[in-house]
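Asker: Sequence unavailable; structure follows:
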Ligand code: BG6
């Protein structure tokens, strides 16, 4: 059995792609936090083909942590991190790189290999590791995107499982390490009151928005090979949908969660051309690394169905994009209207029905929109939102959580082969069979006419500003905000 046994702590972290952008922006700050939290005490060997020395890597680590918005509040921890760093420079195609790595690991025999590198190199690195026996007693953590279609995901899985057992493979979707997303699972199954209404009988539709107000931030050439559907919808947004819609896990333990989620991916109906709206922000083609006639989408909206007993007939509308009106992650579950018109205003089609809103970022919140009677003789009401602020000052960076878990051998928050392949199956047809990307102005909600047509009578698309800037209490505007509900 080549892989490390579950629950055996790793004795080193090998970090491929240590000189890259992800490392600078996210990984070094997370490693620093891990040192502060005591979850990183083992050597960290950076590997890259950049002609760097260990001194360069140490300088990069210091710089990256200082540049992070949280800065350095524990200089001793930063120095500890720096002292744990080692470095191997070399071409991943060259077997000598792996011999050198083996030597650098010295006595360490149970490494976790973290592959923060382009997916095209995963297979090469895994083979290089196996050739020098560095797969034995080891784990491997792979970054998204895990393939670019079903075929490449299968080949990748085959390449990795040739050298590592499934339990030693940790496929990262960093959204799963976000507190607000973990809370979707907790909230659903720690509160029994929602279960009876969490189905097609009471829910009319669900919207998931993950909008970013910024562009591709220098990642033009990566984006050209990905696009919004592959970059965010197929992984991050599908994971959110799976947590929202899965059946209750049958026992306490993440194996049960993985199985329940896999059932959702398998029940997702493959998307067709009509389920998918693509947009591209004006200016994208001027980005470095982007083709002047690029048709890659920087905005994607899809209509998704889950063909299960619970969700038959309930559409899920997902949208994401760069250069949109704001940066926000939000889920809105819209309930059905009352079946009888006892109060005219409560069934007025211009008034939105009850909604449960999960704000995922930039801050966490849960809102419940309900109608309440306005004082007076008439039975007329207005909408109020009961808001629960779930923001926690103790929130951990997703990578801090996920890399700590991987080093401990806890795969709960990682994705499995079956789910990855099932998710690719859902988008497979529309990766190639789709309408051209429609240009949209930065600062808007993408190609709005087409996105509105997609959502049709289940619309409008939820406007996250509405929740941030509620109508004053006492007006007849469709949205209000009950401060009394704040926790
Ligand atoms: C990444 C995507 O997986 O997730 C990026 O590649 C996106 O394009 C990012 O910006 C969003 O995640 P976060 O945690 O930065 O909000």
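Answerer: Ah, there it is. Every value quoted in this text rests on a predicted model; they were computed, and no experiment measured them.
Asker: ok and the residue in the stretch 151-300 of the chain nearest the ligand?
Answerer: Of all residues in the stretch 151-300 of the chain, residue 231 sits closest to the ligand, at 4.7 Å by CB to the nearest ligand atom. From N, CA and C alone the C-beta is placed, and that goes for glycine too.
Asker: For that residue, which three-state class applies?
Answerer: helix (DSSP: H, G, I helix; E, B strand; the rest coil).
Asker: thought it was touching residue 223?
Answerer: Yes - counting by CB atoms under 8 Å, residue 231 touches residue 223, with 7.0 Å between them.
Asker: on contacts alone, who are the packing partners of the longest helix anywhere in the chain?
Answerer: Longest helix in the chain, counting residues (DSSP state H): helix 417-432. For helix 417-432, the helices and strands in contact under the criterion 3 or more CB pairs under 8 Å, 6 or more residues apart in numbering; DSSP states H and E are helix 150-161, strand 169-171, helix 238-245, helix 254-267.
Asker: for whatever helix or strand comes next after the second one, packing partners?
Answerer: Just to be clear, that refers to strand 169-171. Next helix or strand after strand 169-171 toward the C-terminus (DSSP states H and E): helix 179-190. Packing partners of helix 179-190 (3+ CB pairs under 8 Å, 6+ apart): helix 238-245, strand 355-361.
Asker: mind giving me the domain split of the protein?
Answerer: 12-172, 176-398+416-467 (automatic domain parsing).
Asker: circling back to that earlier point, which one of the helices and strands packed on helix 417-432 lies nearest to residue 35?
Answerer: strand 169-171 (20.3 Å; CB to CB).
Asker: and for the closest one, what are the contacting residues?
Answerer: 3, 112, 139-142, 144, 146, 160-161, 402, 405-406, 411, 414-417, 420 (CB atoms under 8 Å, 6 or more residues apart in numbering).
Asker: So is the helix or strand encompassing residue 35 next to the ligand?
Answerer: Assigned by DSSP H and E, residue 35 falls within helix 28-37. No - Helix 28-37 lies out of reach of the ligand by CB under 6 Å from any ligand atom, never closer than 11.7 Å.
Asker: outside of that helix, which residues touch it?
Answerer: Contacts for helix 28-37 (CB under 8 Å, 6+ apart): 40-41, 44, 60-61, 64-65, 68, 70, 72, 74, 77-78, 80-81, 84, 396-397, 399-400, 403-404.
Asker: Only whichever of those residues are buried, select them in ChimeraX.
Answerer: Burial among those is assessed by 16 or more other CB atoms under 10 Å; the matching ChimeraX selection reads:
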select :40,44,60,61,64,65,68,77,78,81,84,396,397,399,400,403,404
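Asker: circling back: reformat the domains of the chain as TSV; add mean pLDDT.
Answerer: Listed next are these as TSV, based on pLDDT from 0 to 100:
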stretch	mean pLDDT
domain 12-172	95
domain 176-398+416-467	94
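Asker: Can you tell me the closest non-neighbouring residue to residue 156?
Answerer: Nearest residue to residue 156 in three dimensions, chain neighbours excluded: residue 147, at 5.1 Å (CB to CB, 6 or more residues apart in numbering).
Asker: For the ligand, give me its nearest residue in the stretch 1-150 of the chain.
Answerer: residue 144 (5.9 Å).
Asker: what about the closest residue to residue 95 other than its chain neighbours, neighbour count?
Answerer: Counting by CB to CB, 6+ apart, residue 131 is the residue found nearest to residue 95 once chain neighbours are left out, at 6.1 Å. Burial of residue 131 is recorded as 14 neighbouring residues (other CB atoms under 10 Å).
Asker: how far does stretch 117-135 sit from the chain's center?
Answerer: 25 Å (CA atoms, centre = their mean, to the nearest Å).
Asker: in that stretch, what's buried?
Answerer: For stretch 117-135, by 16+ other CB under 10 Å, it's 117, 119, 121-123, 125-130, 132, 134-135.
Asker: List the strands paired with the strand or helix carrying residue 141, with their directions.
Answerer: If you go by DSSP H and E, residue 141 is part of strand 139-142. Next to strand 139-142 in the sheet, as set by DSSP bridges, lie strand 111-115 (parallel), strand 169-171 (parallel).
Asker: gap between residue 120 and residue 94?
Answerer: 16 Å (CB to CB, to the nearest Å).
Asker: just residue 219 next, same as before
Answerer: Residue 219 is 27 Å from residue 94, by CB to CB.
Asker: cool, and residue 249?
Answerer: Taking CB to CB, one finds residue 249 at 45 Å from residue 94.
Asker: Those two: who's more crowded?
Answerer: residue 249 (17 against 12).
Asker: who does residue 279 bridge with?
Answerer: residue 299, residue 438.
Asker: Tell me how far the strand or helix carrying residue 334 lies from the chain's centre.
Answerer: Counting by DSSP H and E, the element that carries residue 334 is strand 328-335. Mean-position distance between strand 328-335 and its chain equals 15 Å (CA atoms, centre = their mean).
Asker: hmm, it in reach of the ligand?
Answerer: No - using CB under 6 Å from any ligand atom, strand 328-335 stays clear of the ligand, with a minimum separation of 7.0 Å.
Asker: Pairing partners for that strand, with directions?
Answerer: Neighbouring strands of strand 328-335 in its sheet, by DSSP bridges, are strand 203-211 (antiparallel), strand 355-361 (antiparallel).
Asker: now it against helix 238-245, angle please.
Answerer: Using axes from the mean of the first three to the mean of the last three CA atoms, to 10 degrees, the inter-axis angle of strand 328-335 relative to helix 238-245 is 30 degrees.
Asker: Of the buried residues of stretch 117-135, which belong to strands?
Answerer: Among those, no member falls in strands (criterion: DSSP state E).
Asker: Kindly indicate which of these lies nearest residue 277.
Answerer: Distances from residue 277 to the buried residues of stretch 117-135, taken by CB to CB, are shortest for residue 119, at 26.2 Å.
Asker: distance of the closest residue to residue 61 other than its chain neighbours from residue 214?
Answerer: Nearest in space to residue 61, with sequence neighbours left out and distances taken as CB to CB, 6+ apart, is residue 28 at 4.8 Å. Note on residue 28: its distance to residue 214, by CB to CB, is 21 Å.
Asker: Just read off the phi/psi values of residue 371.
Answerer: Main-chain torsions, residue 371, degrees, to the nearest 10: phi -100, psi 140.
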